[in-house]
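sharing a model prediction with you, sequence too.
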Amino acid sequence: MVSGSVSILLLAAAVVLIVLATGKWKVNAFVVLIVVAFAYGLAIGMPALDVVKTIRDGFGGTLAYIGIVIVAGTIMGYILEKTGAALVMTRSILSLVGRSRAPLAMNIAGYVVSIPVFCDSGYVILTPLNKALAAETKTSMGVMAVALATGLYATHTMVPPTPGPLAAAATLNADLGMVILYGLIVSIPASLAGLAWALVLGRKYDISPGVEETSDEVVAQHLILPSAFMSFLPLVLPIVLILLKSIAAYPTHPFGTGDLATFIAFVGDPVTALMLGVIASLFLVPRRHLSLAVDSWMGQGIKDAAIILAITGAGGAFGKVLGASPMKDFISTNMGDLRLGLFLPFAISAALKTAQGSSTVAIITTAAIMAPLLGPLGLDPAITTIVIGAGAMVVSHANDSYFWVVSQFSNMPVAVAYKLYTTATLVVGLVAFGAAWLLSLALAAM
């Protein structure tokens with residue numbers, strides 16, 4: 001094999017190739033990651049048959065752990081979207097916060113809704129209500145749009161069961177319960193930073209929502225909506241179960257070592273927990289639509305998960321090849337004292353995100369690169385997962401589909417979107433990184 005220093009240079013070339021292929025040449029990320037994995041393995045001197053075996057093992061091993069969880073989470077999110085549960089959750093938050101604090105209400109709603117629902121879908125679902133509230137409260141749509149968009153973005157990149165952080169947690173062998181807990185903590189200041197940016201800068205742009213409907217009229221268009229309890233249940237249930245499993249695994253064994261601990265370990269396993277979430281989401285479906293949900297909605301959720309599964313597996317394959325290279329030992333010997341720490345995964349993720357546009361691709365690719373480096377750099381897998389998610393927000397611009405969803409659904413001119421929304425994603429990402437860094441210091445001191 002080549003030397004460690006050469007393997008690092010080849011990795012840099014591989015990252016440049018990934019950015020060019022996915023960002024500039026618009027090649028599918030799955031194809032790019034698999035081809036780069038082959039090219040990197042051969043370039044570092046791995047035997048050809050070993051390259052094939054390593055790629056196969058990396059792809060299959062990653063999906064064996066996380067595949068069912070991604071599919072279940074995507075199905076659950078799709079059912080929450082189709083049944084109006086996301087709207088119910090938003091209305092519940094609005095009733096608590098009040099219409100006078102509409103930007104805060106929509107920011108919180110985005111924070112909650114985007115945990116199971118893709119941020120793009122969440123923004124489209126909540127836009128009618130967001131516009132109606134902007135008209136009622138005479139608030140610029142610039143404020144309302146960025147408040148909602150950044151709330152959605154914060155949890156989308158940092159809190160499972162959204163596929164990006166879910167896949168990263170699997171790649172880095174992070175405890176999923178801890179990733180959820182840390183992600184929920186770090187995404188709060190990040191989301192509120194987006195709200196503050198919206199309130200300060202958004203007021204400078206008078207953007208009309210262009211609607212005459214009231215928020216009550218928007219809600220009334222959905223003739224039958226589920227209750228607030230049932231709307232939140234599919235989201236809260238798996239999160240609580242996964243967190244309980246993590247707590248049960250503490251060295252102090254707070255739930256003992258008997259049948260109760262075994263039961264918690266069973267229901268708190270991500271596969272079991274997410275499947276229970278899917279079952280709970282079916283109770284949201286009116287009886288007359290149940291066959292539609294079981295057939296069409298679940299089928300669509302599986303289709304939506306397919307591309308995420310493919311990219312996740314490809315990222316696992318690339319990471320397995322990287323793990324077999326001399327890079328890890330070289331970094332441990334020569335770069336351990338540079339104290340790059342958490343800045344390294346943040347910078348890689350931010351560079352990939354800015355260059356090629358997809359947060360999910362940036363998260364999965366960065367996790368693959370960082371997996372063999374956690375030990376040499378002394379990084380915690382769960383915190384690293386969150387930091388990678390923070391970097392995947394920096395920055396959203398014209399190569400990101402979410403940029404166009406936010407700008408076009410908010411009547412926001414593209415030039416204004418750059419000044420208002422793109423800068424907000426930079427602020428939110430930096431605040432998230434800072435919060436994650438402070439959390440890592442607090443955990444180290446405990």
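Sure, I can see it.

next secondary structure after the lowest-mean-pLDDT helix or strand in the chain?
Every helix and strand in the chain was compared by mean pLDDT, DSSP states H and E; the lowest is helix 327-334, with a mean of 73. Note on helix 327-334: by DSSP states H and E, the next helix or strand toward the C-terminus is helix 343-356.

what does that following helix rub up against?
Under the criterion Cβ atoms under 8 Å, 6 or more residues apart in numbering, residues 15, 18-19, 22-23, 29, 359, 361-363, 365-366, 369-370, 373, 377, 379, 384, 387-397, 399-400, 429, 433 lie in contact with helix 343-356. Every C-beta, even on glycine, is put in place using the N, C-alpha and C of the backbone.

I'd like the mean pLDDT over the very next helix or strand once past that helix, please.
For helix 343-356, the following helix or strand on the C-terminal side (DSSP H and E) is helix 359-370. For helix 359-370, the mean per-residue pLDDT is 94.

next, the angle helix 343-356 makes with helix 359-370.
140 degrees (axes from the mean of the first three to the mean of the last three Cα atoms, to 10 degrees).

helices or strands up against the following helix or strand past helix 359-370?
As assigned by DSSP H and E, the chain's next helix or strand after helix 359-370 is helix 374-377. When contacts are defined as 3 or more Cβ pairs under 8 Å, 6 or more residues apart in numbering; DSSP states H and E, helix 374-377 packs onto helix 327-334.

any chance of a ChimeraX selection covering the buried ones in the contacts of helix 343-356?
Typed into ChimeraX, the line below selects the buried ones among those, using 16 or more other Cβ atoms under 10 Å:
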select :15,18,19,22,23,29,359,361,362,363,365,366,369,370,373,377,379,384,387,388,389,390,391,392,393,394,395,396,397,399,400,429,433
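
beyond the helix or strand hosting I70, next helix or strand please.
Using DSSP H and E, I70 sits in helix 48-82. As assigned by DSSP H and E, the chain's next helix or strand after helix 48-82 is helix 85-97.

which helices and strands does the helix or strand following that following helix pack with?
Per DSSP H and E, helix 85-97 leads on to helix 102-113 as the next helix or strand towards the C-terminus. When contacts are defined as 3+ Cβ pairs under 8 Å, 6+ apart, helix 102-113 sits against helix 85-97, helix 119-137, helix 141-158, helix 176-201.

helix 102-113 to helix 85-97, inter-axis angle?
Going by the same axes, to 10 degrees, helix 102-113 makes 140 degrees with helix 85-97.

helix 48-82 and helix 102-113, what's the angle between them?
Here helix 102-113 points in a direction 130 degrees away from that of helix 48-82 (the same axes, to 10 degrees).

now helix 102-113 - C-alpha only, PDB.
Once non-C-alpha atoms are left out, helix 102-113 reads as follows in PDB (Å, rounded to 0.1, in the frame of the first residue of the first chain):
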ATOM      1  CA  ALA A 102     -46.400  34.000  15.400                       C
ATOM      2  CA  PRO A 103     -42.700  33.900  14.200                       C
ATOM      3  CA  LEU A 104     -41.700  32.100  17.400                       C
ATOM      4  CA  ALA A 105     -44.600  29.700  17.000                       C
ATOM      5  CA  MET A 106     -43.700  28.800  13.500                       C
ATOM      6  CA  ASN A 107     -40.000  28.400  14.500                       C
ATOM      7  CA  ILE A 108     -41.000  26.000  17.200                       C
ATOM      8  CA  ALA A 109     -43.400  24.200  14.900                       C
ATOM      9  CA  GLY A 110     -40.600  23.800  12.300                       C
ATOM     10  CA  TYR A 111     -38.300  22.400  15.000                       C
ATOM     11  CA  VAL A 112     -40.800  19.800  16.000                       C
ATOM     12  CA  VAL A 113     -42.200  18.800  12.600                       C
END
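
quick one: distance of that helix to the chain centre.
17 Å (Cα atoms, centre = their mean, to the nearest Å).

how about stretch 21-35?
20 Å.

and G258, what pLDDT?
pLDDT at G258 comes out at 91.

for the one 10 residues further on, same thing?
Model confidence at G268, given as pLDDT, is 95.

distance of the nearest residue to it once chain neighbours are set aside relative to M446?
Leaving aside its chain neighbours, G268 sits nearest to K245 (2.6 Å; criterion: Cβ to Cβ, 6 or more residues apart in numbering). Applying Cβ to Cβ, to the nearest Å, the value for K245 to M446 is 21 Å.

neighbour count winner among these two?
Per other Cβ atoms under 10 Å, whichever of K245 and M446 has more neighbours is K245, with 23 against 4.

you'd agree the more buried one is up against A261?
No: using Cβ atoms under 8 Å, K245 makes no contact with A261, being 9.5 Å away.

so how far is P381 from the residue nearest to G268?
In terms of Cβ to Cβ, K245 sits 16 Å off from P381.

tell me who's in contact with the residue nearest in space to the middle of the chain.
Nearest to the geometric centre of the chain sits T157, at 2.8 Å (Cα atoms, centre = their mean). Counting by Cβ under 8 Å, 6+ apart, T157 makes contact with 164-165, 359, 363, 389-390, 392-393.

mind doing that once more with 10 Å?
With contact set as Cβ atoms under 10 Å, 6 or more residues apart in numbering, T157 has these partners: 114, 119, 164-165, 168, 183, 187, 190, 349, 353, 359-360, 362-363, 386, 388-394, 428-429, 432.

likewise V431?
Contacts for V431 (Cβ under 10 Å, 6+ apart) come out as 150, 154, 186-187, 189-194, 196-197, 390, 393.

okay, now the nearest residue to L184 once chain neighbours are set aside: neighbour count?
The shortest distance from L184 to any non-neighbouring residue, by Cβ to Cβ, 6+ apart, is to V159 (5.9 Å). The local packing of V159 (other Cβ under 10 Å) involves 28 other residues.

K353 too?
30.

and the closest residue to Y65 other than its chain neighbours, helix, strand or coil?
Using Cβ to Cβ, 6+ apart and skipping residues adjacent in sequence, the residue nearest Y65 is A170, 5.0 Å away. Assigned with DSSP: H, G, I helix; E, B strand; the rest coil, A170 falls in the helix class.
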